[in-house]
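*Asks:* predicted structure and sequence below. I'll ask about it afterward.
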Amino acid sequence: MRRNQVAVVGAAETTELGVIPNMSQIQLHADAALNAVADAGLKLSDIDGIATAVETPQQIAHYLGITPTWVDGTSVGGCSFMLHVRHAAAAIEAGLCKTVLITHAESGKSMIGKLPRSIPADSLQGQFEAPFGVYGPPSMFPIPVLRYMKTYGITHEQIAMVAVVQREWAAKNPRAMMKDPITVADVLNSRMIAYPFRLLQCCLVTDGGGALILTSADRARDFPKKSVYILGTGESVETPMVSQMETFNSSRAFKIAGPTAFREAGITHKDVDHLMIYDAFAHLPLYGLGDLGFMPHEETGKFIADGHTRPGGKLPLNTNGGGLSYMHSGMYGMYALQESVRQMRGIAPAQVKDAKISVCHGVGGMFAASGTIIFTNEK
């Protein structure tokens with residue numbers, strides 16, 4: 001994909017975030033979609049492309065009354081929406097559609113109209129993981145994290161500092177779920193979930209959603225809000241068991257998606273003004289900093305503990321508060337994308353001064369998938 005040929009012209013989250021017991025999951029989709037359409041100054045009839053995950057594109061199209069010429073139902077976990085951005089940009093550039101709506105919503109807390117998730121007994125996970133007690137992220141992530149800590153000398157205090165710093169960012173965000181300051185001691189004294197993770201190192205469980213609208217850069221000039229251009233994209237997938245059990249210390253999908261996006265964007269790490277790394281658990285920013293090539297893994301814990309990612313630091317990271325303090329309805333990637341767009345528009349609650357390039361990196365399916373989008377506000 002060529003640089004700066006496609007732009008985000010609409011971006012919005014659901015009217016409310018947090019606990020929303022009066023709206024079903026598909027209603028949350030519609031709320032986010034309508035907010036994004038209004039943000040772009042469009043009508044639903046202007047949309048000719050739809051992408052979503054969990055809910056199918058046909059369900060969203062039917063509910064909104066849209067008949068698209070292009071659809072994408074890629075569903076690979078929390079980074080699905082990064083992949084949707086990449087696919088939509090390619091489709092727009094290829095002339096398959098003109099205006100794409102990417103929508104996401106989950107009733108993760110209230111469970112109203114939420115599609116059930118199950119692990120079939122005859123699946124690979126059902127046969128080789130679930131019988132041994134490995135069932136879901138809290139029981140899957142701890143083993144590789146402990147190996148990561150041992151290999152690279154990462155301490156409990158350094159991982160706890162991820163949550164502390166992101167709470168500092170959340171305190172600046174009126175829509176964040178958790179705003180009260182916390183300390184490393186608070187994190188390490190919070191309730192144990194699955195060693196080494198304690199409660200404040202695990203993501204929130206909330207309701208909410210978000211949506212983006214993409215179109216060609218040429219058309220973007222006519223839209224009322226500041227356009228944000230797509231500079232580079234990358235994606236990759238691998239099997240969860242390979243990514244978790246091969247080395248414990250890295251994600252091959254991260255190492256493909258990130259460098260691909262950087263090469264396409266034609267930038268180096270020094271060019272990055274703002275960074276979002278999916279943080280369902282507190283260790284993920286460490287993996288991201290290392291696998292994306294910002295620094296060796298041995299340095300990631302100290303980098304955060306020394307304050308380089310906190311407000312005023314040299315690499316602002318997860319500036320909305322992240323999944324640990326902002327919100328996390330189950331698939332967080334959309335909310336990371338929303339924050340990157342806000343930063344590039346210059347309207348984020350905790351705005352990074354003079355930010356021109358934002359890297360947004362997502363993970364999905366227990367490290368089995370990854371997507372990276374690089375945005376810029378300069379055409």
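*Replies:* In hand now; what should we look at? The model shown is predicted, which means the values in this text are computed figures rather than measured ones. Residues are numbered from 1 along each chain as shown.
*Asks:* my guess is A12 meets G208, correct?
*Replies:* No. Counting by CB atoms under 8 Å, A12 stays clear of G208, with 11.4 Å between them. Every residue, glycine included, has its C-beta placed from N, CA and C.
*Asks:* so which of the two has more stuff around it?
*Replies:* G208 (31 against 22; other CB atoms under 10 Å).
*Asks:* so that one is in contact with I20, correct?
*Replies:* Yes. When contacts are counted by CB under 8 Å, G208 is listed as touching I20 (6.9 Å).
*Asks:* so what sits against both of the two?
*Replies:* 14, 28 (CB atoms under 8 Å, 6 or more residues apart in numbering).
*Asks:* so where do the strands sit in the stretch 251-379 of the chain?
*Replies:* Ranges of strands within the stretch 251-379 of the chain are 274-277, 357-364, 369-376, based on DSSP state E, counting those that start in this stretch.
*Asks:* which strands and helices lie in contact with the last one?
*Replies:* Applying 3 or more CB pairs under 8 Å, 6 or more residues apart in numbering; DSSP states H and E, we find strand 369-376 packed against helix 80-93, strand 228-237, helix 252-265, helix 333-345, strand 357-364.
*Asks:* now the first one: average pLDDT?
*Replies:* I take that to be helix 80-93. When pLDDT is averaged along helix 80-93, the result is 98.
*Asks:* quick check: angle from whatever helix or strand comes next after it to helix 333-345?
*Replies:* Going down the chain from helix 80-93, the next helix or strand is strand 99-107, by DSSP states H and E. Counting by axes from the mean of the first three to the mean of the last three CA atoms, to 10 degrees, strand 99-107 lies at 130 degrees to helix 333-345.
*Asks:* what's the angle from strand 99-107 to helix 80-93?
*Replies:* 170 degrees.
*Asks:* show me how far the next helix-or-strand element following strand 99-107 is from its chain's centre.
*Replies:* Counting by DSSP H and E, the next helix or strand C-terminal to strand 99-107 is helix 124-128. Taking CA atoms, centre = their mean, to the nearest Å, one finds the center of helix 124-128 at 27 Å from the center of the full chain.
*Asks:* helices or strands next to helix 124-128 in the packing?
*Replies:* Packed next to helix 124-128, using 3+ CB pairs under 8 Å, 6+ apart, are helix 240-245.
*Asks:* what residues does the closest residue to G323 other than its chain neighbours make contact with?
*Replies:* Leaving aside its chain neighbours, G323 sits nearest to C203 (3.9 Å; criterion: CB to CB, 6 or more residues apart in numbering). C203 makes contact with 279-281, 323-324, 328, 332, according to CB under 8 Å, 6+ apart.
*Asks:* could you redo the last one with a cut-off of 6 Å?
*Replies:* C203 sits next to 280, 323-324, 328 when contact means CB atoms under 6 Å, 6 or more residues apart in numbering.
*Asks:* and H274, by the same measure?
*Replies:* So H274 contacts 316, 343, 352, 355, 358 (CB under 6 Å, 6+ apart).
*Asks:* if we go to 10 Å?
*Replies:* Going by CB atoms under 10 Å, 6 or more residues apart in numbering, H274 touches 315-319, 339-340, 343-344, 348, 351-352, 355-360, 375.
*Asks:* A61 - that's part of a helix, no?
*Replies:* Yes. Assessed with DSSP: H, G, I helix; E, B strand; the rest coil, A61 lies in a helix.
*Asks:* does it touch A30 like I think?
*Replies:* No. With contacts counted by CB atoms under 10 Å, A61 stays clear of A30, the gap being 11.5 Å.
*Asks:* excluding its backbone neighbours, what's nearest T309?
*Replies:* L317 is the one closest to T309 (CB to CB, 6+ apart), at 3.7 Å.
*Asks:* report the contact partners of the most centrally placed residue in the chain.
*Replies:* In the chain, the centroid-proximal residue (CA atoms, centre = their mean) is G333; its distance is 2.2 Å. For G333, the contacting residues are 53, 76-85, 104, 210, 276, 278, 323, 360-364, 369, 371, 373, by CB under 10 Å, 6+ apart.
*Asks:* before we move on, the earlier item: deepest of the helices and strands packed on strand 369-376, which one?
*Replies:* Each of the helices and strands packed on strand 369-376 was scored by mean neighbour count; the highest is strand 357-364, a mean of 28, by mean count of other CB atoms under 10 Å.
*Asks:* how far does stretch 327-342 sit from its chain's centre?
*Replies:* On CA atoms, centre = their mean, the centre of stretch 327-342 falls 5 Å from the chain's centre.
*Asks:* do the same with stretch 202-216
*Replies:* Using CA atoms, centre = their mean, the offset of stretch 202-216 from its chain centre is 8 Å.
*Asks:* pLDDT of it, averaged?
*Replies:* The model assigns stretch 202-216 a mean pLDDT of 97.
*Asks:* pull it out as PDB, backbone CA atoms only.
*Replies:* Taking C-alpha atoms only, stretch 202-216 is exported to PDB below (Å, rounded to 0.1, in the frame of the first residue of the first chain):
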ATOM      1  CA  CYS A 202      -5.100  -7.100  34.500                       C
ATOM      2  CA  CYS A 203      -7.400  -5.300  32.100                       C
ATOM      3  CA  LEU A 204     -10.800  -3.900  33.000                       C
ATOM      4  CA  VAL A 205     -14.000  -5.600  32.000                       C
ATOM      5  CA  THR A 206     -16.400  -3.100  30.600                       C
ATOM      6  CA  ASP A 207     -19.100  -2.300  28.000                       C
ATOM      7  CA  GLY A 208     -18.600   0.000  25.000                       C
ATOM      8  CA  GLY A 209     -17.500   0.300  21.400                       C
ATOM      9  CA  GLY A 210     -15.900   2.400  18.700                       C
ATOM     10  CA  ALA A 211     -16.000   3.100  15.000                       C
ATOM     11  CA  LEU A 212     -13.700   4.500  12.300                       C
ATOM     12  CA  ILE A 213     -14.500   5.800   8.800                       C
ATOM     13  CA  LEU A 214     -11.900   5.700   6.100                       C
ATOM     14  CA  THR A 215     -11.800   7.200   2.600                       C
ATOM     15  CA  SER A 216      -9.200   8.200   0.000                       C
END
